[in-house]
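In: what follows is a predicted structure for the sequence shown.
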Amino acid sequence: DTILSALADDRIELALQPVVRAADGAVAFHEALLRLRLPGGDMAALDALLPAAFKAGLIWALDSRVMTLVCARLAADPALQISMNCARDSITAADWIESFTARGGATPGVGDRLIVEVTETGLIENVEAMRAAMGACKRLGVRVAMDDFGAGHTSFRDLRALGFDLVKIDGDFIRNIAH
């Protein structure tokens, strides 16, 4: 109910978190994070609600809202580059690419400044469907990233064969990298 009412009332918003290059600390792009505007006006992360969204079959609605917000933000700021997480069920749905093309196609260059992130665990469950979705994204100029690499069972050989543009390593593997 919380998710449905927030979607109906346009209270699902984006927060942009900078992702910086290790070499020079410059912002490489921003990651879109979901935020829920509470009825009183405060903002809250949706992390606690995401498992419920998956279980209730509402993740596609959240992903659709994110896509709309990200495309609008990219259209408004031609210098901005954004990555957005997308659930496997959303990105492999037949109408996802059509929907993105309709939203992003209205403004040239939006696809070139978008990175779609998929988790390693989502990839493993249906590699061929994910490969097809990734190919469709790339044809639109969208880069594709694997998020949380190391959390699943993808080998480096499979990783290379899938042709990701960016790999985000699971935090458990790099947490103490300086030590």
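Out: Nice, I can see it. Numbering: from 1, shown residues only.

In: alpha carbons only for contacts and neighbour counts from here, please
Out: Noted.

In: this protein: helices as residue ranges?
Out: For the chain, the helices defined by DSSP state H cover 2-8, 50-56, 59-76, 88-91, 96-104, 120-125, 127-139, 156-162, 171-174.

In: now do the third one: which elements does it pack against?
Out: Pointing back at helix 59-76 there. strand 12-20, strand 27-37, strand 82-85, helix 88-91, helix 96-104 (3 or more Cα pairs under 8 Å, 6 or more residues apart in numbering; DSSP states H and E).

In: for R175, which of these is the nearest?
Out: R175 lies closest to strand 12-20 among these, at 15.9 Å (Cα to Cα).

In: which residues sit against that closest one?
Out: Contact partners of strand 12-20, identified using Cα atoms under 8 Å, 6 or more residues apart in numbering, comprise 6, 26-37, 65-66, 69-70.

In: picking that back up, which stretch in the helices of the chain has the least confidence?
Out: Among these, helix 120-125 carries the lowest mean pLDDT, at a mean of 64.

In: for the residue nearest the centre of the chain, give me its contacts.
Out: Most central in the chain under Cα atoms, centre = their mean is N85, positioned 1.6 Å from the mean C-alpha point. Applying Cα under 8 Å, 6+ apart, we find N85 in contact with 32, 63, 116-118.

In: could you redo the last one with a cut-off of 6 Å?
Out: Residues near N85 by Cα atoms under 6 Å, 6 or more residues apart in numbering: 116-117.

In: for it, name its beta-bridge partners.
Out: For N85, the beta-bridge partners are E117 (DSSP bridges).

In: any idea of the pLDDT on it?
Out: In this model, N85 carries a pLDDT of 90.

In: count of neighbours near D24?
Out: Other residues near D24 come to 7 when the count uses other Cα atoms under 10 Å.

In: swap that for A94, please
Out: Count around A94 with other Cα under 10 Å applied: 11.

In: also A93?
Out: Neighbours around A93, by other Cα under 10 Å: 14.

In: and the gap between it and V127?
Out: 14 Å (Cα to Cα, to the nearest Å).

In: do T2 as well
Out: T2 is 32 Å from V127, by Cα to Cα.

In: count of residues packed around the residue nearest to D112 when sequence neighbours are not counted?
Out: In space, D112 comes closest to G141 once its chain neighbours are excluded; the distance is 4.9 Å by Cα to Cα, 6 or more residues apart in numbering. Neighbours of G141 under the rule other Cα under 10 Å: 16.

In: for G135, see how far away G141 is.
Out: 10 Å.

In: sorry, back to before: for the helices and strands packed on helix 59-76, give me JSON lines that also has distance to F164.
Out: Putting the helices and strands packed on helix 59-76 into JSON lines (distance: least, Cα to Cα, whole Å) gives the following:
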{"stretch": "strand 12-20", "distance to F164": "17"}
{"stretch": "strand 27-37", "distance to F164": "16"}
{"stretch": "strand 82-85", "distance to F164": "13"}
{"stretch": "helix 88-91", "distance to F164": "15"}
{"stretch": "helix 96-104", "distance to F164": "17"}
